[in-house]
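Q: Need coordinates for the following:
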Amino acid sequence: MAEIEVGFSLVSSYPADARLLGAASRAGKALQREEPGMRITLGRIVACDQATFSLSRRQEPAQQFSAQAVDMEGAAVAHVAMLNAIPSLVLRAISDEVCFDLSGGPRGLAQDFGAQRADLSGFHESMTKAAEHASRLATALIRHLS
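A: The predicted structure follows:
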């Protein structure tokens, strides 16, 4: 039986692969020329270990680390790629911007989870548009890598 070495590494950031980042930048600029309303941003993403529904819980880490977005999954994928020496780049479709409050109240979505109801019409539209944009960007990125 082969021995498996298990290690623990503390990494505070996972820089994007320069080639992938360059291709994503070119792809994003091309898409924005095609659809001027599409917003594509290059920047830092800060990882959290739990969902951040409230505005303040998203804004605090975003401001502290000068991040464009807060997510939960990107760092895990980047970490596995780093451990396996695989170039990586995290593309995020943002449906809940740092300034979008999902916790309810006057500045957020009107939610009442006890009654299992929520006004998610604006959020659903935002999610759909974000998914479409992410798909288009990923396709354009692949074209720019070829």
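
Q: Residue nearest the middle of this protein, spatially speaking?
A: When CA atoms, centre = their mean is applied to the chain, the residue found nearest the centroid is Arg92 (3.2 Å).

Q: Any stretches of the chain with poor pLDDT?
A: Low-confidence regions of the chain, defined by pLDDT under 70, span residues 1-11, 52-54, 95-123.

Q: Where do the helices of this structure begin and end?
A: Along the chain, the stretches classed as helices by DSSP state H are 18-34, 55-64, 74-83, 121-145.

Q: quick revisit: report the separation between the residue nearest to the centre of the chain and Ser146.
A: Applying CB to CB, to the nearest Å, one obtains 23 Å for the distance of Arg92 from Ser146. From N, CA and C alone the C-beta is placed, and that goes for glycine too.

Q: circling back to that earlier point, let me know which of the helices of the chain is the nearest to Asp49.
A: Distances from Asp49 to each of the helices of the chain were compared by CB to CB, and the smallest falls on helix 74-83, at 9.5 Å.

Q: on that earlier part again, so which of the helices of the chain is nearest Ile45?
A: Comparing those against Ile45 with CB to CB, the closest turns out to be helix 74-83 (5.3 Å).

Q: so how far is the closest one from its chain's centroid?
A: Mean-position distance between helix 74-83 and its chain equals 14 Å (CA atoms, centre = their mean, to the nearest Å).

Q: Next: stretch 127-134.
A: For stretch 127-134, the separation from the chain centroid amounts to 12 Å (computed by CA atoms, centre = their mean).

Q: which other residues reach it?
A: Defining contact as CB atoms under 8 Å, 6 or more residues apart in numbering, one finds that stretch 127-134 is touched by 31, 38, 40, 91-95.

Q: Which of these are buried, as a PyMOL select command?
A: Taking 16 or more other CB atoms under 10 Å as the burial criterion, the selection of buried members of those in PyMOL is written as:
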select buried, resi 31+40+91+92+93+94+95
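
Q: Rebuild the contacts of stretch 127-134 as CSV, extending it with distance to Val46.
A: Conversion of the contacts of stretch 127-134 to CSV gives the following (distance: CB to CB, whole Å):
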residue, distance to Val46
Leu31, 25
Met38, 23
Ile40, 19
Leu91, 16
Arg92, 11
Ala93, 17
Ile94, 13
Ser95, 17
